[in-house]
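>>> sequence below, structure please.
(one chain, ligands or ions: 1)
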Amino acid sequence: MNCETVIRNARVLDGSGADAAVVDVALADGRITGIGPTLTVRAAEEVDGAGLVLAPGFIDTHTHDDTSVIETPQMLPKISQGVTTVIVGNCGISAAPVRLRGSVPDPMTLLGPAENFRYPTFAHYVNAVRTAQPAINVAALAGHTAIRNNHMDRLDRAATEEELRGMRADLQEALDAGAIGLSTGLAYANANAATTEEVEALAALLRGSEGVYATHMRTETERILDAMAEAFAVGAFAHAPVVISHLKCAGVDNWGRSEEVLQALEAARATQAVYADCYPYAAGSSTLDLKQVDERVEITITGCAAYPHVTGKSLQQIAQEWGVSQLEAARRLQPAGAIYHSIAESDMRRILAHPATMVGSDGLPHDSHPHPRLWGTFPRVLGRYCRQEKLFPLAQAVHKMTGMPAARFGLTGRGLIRTGYAADLVLFDADAVIDTATFAEPVRAAAGIERVWVNGILTYTAAGTTGARAGQFLARTGRPAHA
Ligand SMILES: [Zn+2]
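You can find the predicted model right below:
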């Protein structure tokens with residue numbers, strides 16, 4: 001048998017959560033064509049994986065890479081972590097379908113400036129991704145806030161019946177063009193006035209489409225349980241699986257409540273499909289939000305158009321220099337991006353370890369001094385939380401990054417090492433893999449990622465990118481599988 005590549009002698013973690021087995025894996029025509037001990041194949045390239053782990057390429061379940069996959073198709077922050085697929089369109093904001101009326105509403109600014117929004121329909125976006133040929137695969141949610149903004153003159157109120165009709169037409173077009181579901185960002189001012197009924201009227205379209213409902217909930221602080229109940233109600237109404245985005249207990253007064261939060265998640269799981277994504281850091285990041293300014297929380301600025309020189313500085317430092325309160329400094333900096341050290345490490349660890357939790361970076365690629373999660377999330381889970389802190393076994397960590405998200409988001413034929421599956425693969429050194437991006441120096445590639453293949457094409461090695469760009473747009477194909 002001939003093939004393009006065979007990887008021999010690696011410890012193979014197949015993404016299912018099963019223990020590793022030392023087997024050979026053969027690739028041809030973008031697919032896995034053989035798996036077994038000592039495969040007798042003639043390969044154009046033989047790779048010795050002895051001492052290394054071979055896993056399915058990682059799926060970043062929570063990204064804001066919508067326009068990055070087009071503007072910076074090499075996607076180095078992600079491919080260098082072993083990520084071969086990103087799910088874009090989270091938190092209610094997506095690059096499509098978007099027909100801007102005036103300025104870019106918060107937090108759609110996380111996807112870049114106005115000129116990045118060039119996709120009036122979802123089909124336009126799909127075409128643009130295919131034309132850009134990014135290095136990694138892309139699956140996309142349609143964002144509620146993006147769609148609201150197409151139909152409403154102001155976003156600080158609920159949508160009217162007529163506006164809702166237009167919004168539903170936009171969402172239907174997106175689903176027909178391959179969107180994998182709907183996302184909301186109800187905590188943000190530009191979606192917060194939406195009623196549960198408004199969200200349900202949109203989510204109802206998921207019923208026939210088998211898409212997922214991913215939600216940055218209405219709040220992650222004191223009333224988080226109410227917000228979870230709302231998310232579950234929307235999912236139940238739409239008969240759609242719910243993914244709670246970046247699940248956390250945010251804010252000092254809310255620390256220590258992760259057990260309570262996970263109990264609520266467990267209770268919902270008795271009757272419906274509910275999951276979460278989580279990044280492995282005790283700090284969040286988004287646009288600079290006056291509501292989150294709290295003198296007890298360290299806040300650093302990730303970017304600011306009006307005062308670029310303050311980037312990387314803490315709000316406390318800026319306030320001191322200006323002789324004003326932190327709240328006043330934050331007001332003057334608008335609009336800006338920020339990192340909030342507002343999560344308890346113990347809560348984050350408990351949520352990350354939960355069996356319903358997948359890994360999602362929530363990296364913000366347009367910040368000039370980004371949260372290190374953009375470059376570090378996956379190696380940090382493997383190196384710090386798995387190897388060093390033994391929070392869960394390696395097979396489990398890989399499952400949270402591969403087989404589990406592929407099943408939950410309906411990415412058919414990916415996320416597992418199986419014959420016939422797409423050859424998205426990462427070869428890494430389990431004894432050395434670690435994030436090197438820090439809050440001080442956030443733009444640094446991880447260590448220990450040896451080789452990454454996307455659709456069978458070698459795209460990244462420890463020496464850097466190969467220049468290959470073999471990613472595909474992954475249109476919704478089938479029904480998500482639910483445990
Ligand atoms: Zn979010």
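
>>> so where's the protein shaky on pLDDT?
478-483 (pLDDT under 70).

>>> who in it is up against the ion?
By Cβ under 5 Å from the ion, the residues of the chain that approach the ion are 91, 216. All C-beta atoms are positioned from the backbone trio N, CA, C, and that covers glycine.

>>> can you give the domain ranges for the chain?
Domain ranges of the chain: 2-55+429-465, 57-282+343-416, 288-340, per automatic domain parsing.

>>> tell me which of those domains sits most buried.
Mean neighbour count (mean count of other Cβ atoms under 10 Å) peaks for domain 57-282+343-416 among the domains of the chain, with a mean of 22.

>>> how long is that one from one end to the other?
9 Å (Cα to Cα, to the nearest Å).

>>> and what of stretch 268-285?
Terminal-residue distance, stretch 268-285 (Cα to Cα): 28 Å.

>>> from the chain's centre, how far out is it? Work that out for me.
Distance, stretch centre to chain centre, for stretch 268-285: 12 Å (Cα atoms, centre = their mean, to the nearest Å).

>>> just to be sure, residue 382 is in a helix?
Yes - assessed by DSSP: H, G, I helix; E, B strand; the rest coil, residue 382 belongs to a helix.

>>> hmm, it is touching residue 396, no?
No - look at residue 382 against residue 396 with Cβ atoms under 8 Å: they stay out of range, at 11.0 Å.

>>> give me the common contacts of the two.
Residues touching both residue 382 and residue 396 (Cβ atoms under 8 Å, 6 or more residues apart in numbering): there are none.

>>> please name the nearest non-neighbouring residue to residue 472.
Nearest non-adjacent residue to residue 472, counting by Cβ to Cβ, 6 or more residues apart in numbering: residue 137, 5.2 Å away.

>>> show me the contacts for the residue of the stretch 101-250 of the chain found nearest the ion.
At 3.4 Å from the ion, residue 216 is the closest residue in the stretch 101-250 of the chain, using Cβ to the ion. Counting by Cβ under 8 Å, 6+ apart, residue 216 touches 90-92, 183-188, 245-246.

>>> what pairs with it across the strands?
residue 185 (DSSP bridges).

>>> quick one: residue 248 from residue 416, how far?
Distance check for residue 248 against residue 416: by Cβ to Cβ, to the nearest Å, it reads 29 Å.

>>> the stretch 351-483 of the chain: helices as residue ranges?
Under the criterion DSSP state H, counting those that start in this stretch, the stretch 351-483 of the chain carries helices at the ranges 373-380, 394-401, 403-408.

>>> how close does the residue nearest to residue 21 when sequence neighbours are not counted sit to the ion?
Closest residue to residue 21 apart from its sequence neighbours, by Cβ to Cβ, 6+ apart: residue 12 at 5.6 Å. Applying Cβ to the ion, to the nearest Å, the value for residue 12 to the ion is 34 Å.

>>> give the contact list for residue 12.
Here residue 12 is in contact with 20-23, 25, 35, 53-55, 417 (criterion: Cβ under 8 Å, 6+ apart).

>>> same question, residue 193
Residue 193 sits in contact with 155-158, where contact means Cβ under 8 Å, 6+ apart.

>>> check residue 240 too.
181-182, 203, 206-207, 210-213, 234.

>>> ditto for residue 472
By Cβ under 8 Å, 6+ apart, the neighbours of residue 472 are 130, 137-138, 455.

>>> give me the most central residue, the protein.
Nearest residue to the geometric centre of the chain (Cα atoms, centre = their mean): residue 62, 1.3 Å.

>>> please name the residues that touch that residue.
Residue 62 neighbours (Cβ under 8 Å, 6+ apart): 87, 90, 214, 245-246, 277, 279, 360-362.

>>> sec struct for residue 104, please.
Three-state call for residue 104 (three-state DSSP): coil.

>>> run the chain-centre distance for stretch 111-128.
The answer for stretch 111-128 is 19 Å, by Cα atoms, centre = their mean.

>>> before we move on, back to that, which of the contacts of residue 472 lies closest to residue 44?
residue 455 (16.0 Å; Cβ to Cβ).

>>> so the closest one makes contact with residue 414?
No - Residue 455 is beyond contact range of residue 414, at 9.7 Å (criterion: Cβ under 8 Å).

>>> now do the shared contacts for those two.
Joint contacts of residue 455 and residue 414 (Cβ under 8 Å, 6+ apart) are 137, 422, 424.

>>> how about the contacts made by residue 455?
Residue 455 touches 30, 137, 422-424, 470-472, counting by Cβ under 8 Å, 6+ apart.

>>> what's the spacing between stretch 382-399 and its chain's center?
Computed by Cα atoms, centre = their mean, the chain-centroid distance of stretch 382-399 equals 19 Å.

>>> what does it contact?
Against stretch 382-399 from outside (Cβ under 8 Å, 6+ apart): 13, 15-20, 53, 55-56, 280, 349, 352-353, 359, 381, 400, 428, 430-435, 448.

>>> any idea how far the nearest residue to residue 106 once chain neighbours are set aside lies from residue 37?
Excluding the flanking residues, the one nearest residue 106 by Cβ to Cβ, 6+ apart is residue 287, at 5.4 Å. Here residue 287 is placed at a distance of 52 Å from residue 37 (Cβ to Cβ).

>>> try residue 157
Taking Cβ to Cβ, one finds residue 157 at 64 Å from residue 37.

>>> ok, longest strand in the chain?
In terms of residue count, the longest strand belonging to the chain (DSSP state E) is strand 2-12.

>>> in its sheet, what does it sit against?
Short version: by DSSP bridges, strand 2-12 pairs with strand 21-28 (antiparallel), strand 42-48 (parallel), strand 53-56 (parallel).

>>> about what we covered before: JSON lines for the contacts of residue 12, including distance to residue 369?
Below are the contacts of residue 12 laid out as JSON lines (distance: Cβ to Cβ, whole Å):
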{"residue": "20", "distance to residue 369": "38"}
{"residue": "21", "distance to residue 369": "43"}
{"residue": "22", "distance to residue 369": "43"}
{"residue": "23", "distance to residue 369": "43"}
{"residue": "25", "distance to residue 369": "39"}
{"residue": "35", "distance to residue 369": "43"}
{"residue": "53", "distance to residue 369": "32"}
{"residue": "54", "distance to residue 369": "35"}
{"residue": "55", "distance to residue 369": "31"}
{"residue": "417", "distance to residue 369": "37"}
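
>>> and those residues, which is closest to residue 175?
For the contacts of residue 12, the nearest to residue 175 is residue 417 (30.2 Å; Cβ to Cβ).

>>> that closest one contacts residue 425, correct?
Yes - shown here, residue 417 and residue 425 form a contact pair, counting by Cβ under 8 Å, at 7.3 Å.

>>> which neighbours do those two share?
Common neighbours of residue 417 and residue 425 (Cβ under 8 Å, 6+ apart) are 25, 54-56.

>>> which one of those residues sits closest to residue 197?
Using Cβ to Cβ, residue 56 is the member of the shared contacts of residue 417 and residue 425 that lies nearest residue 197, at 39.6 Å.
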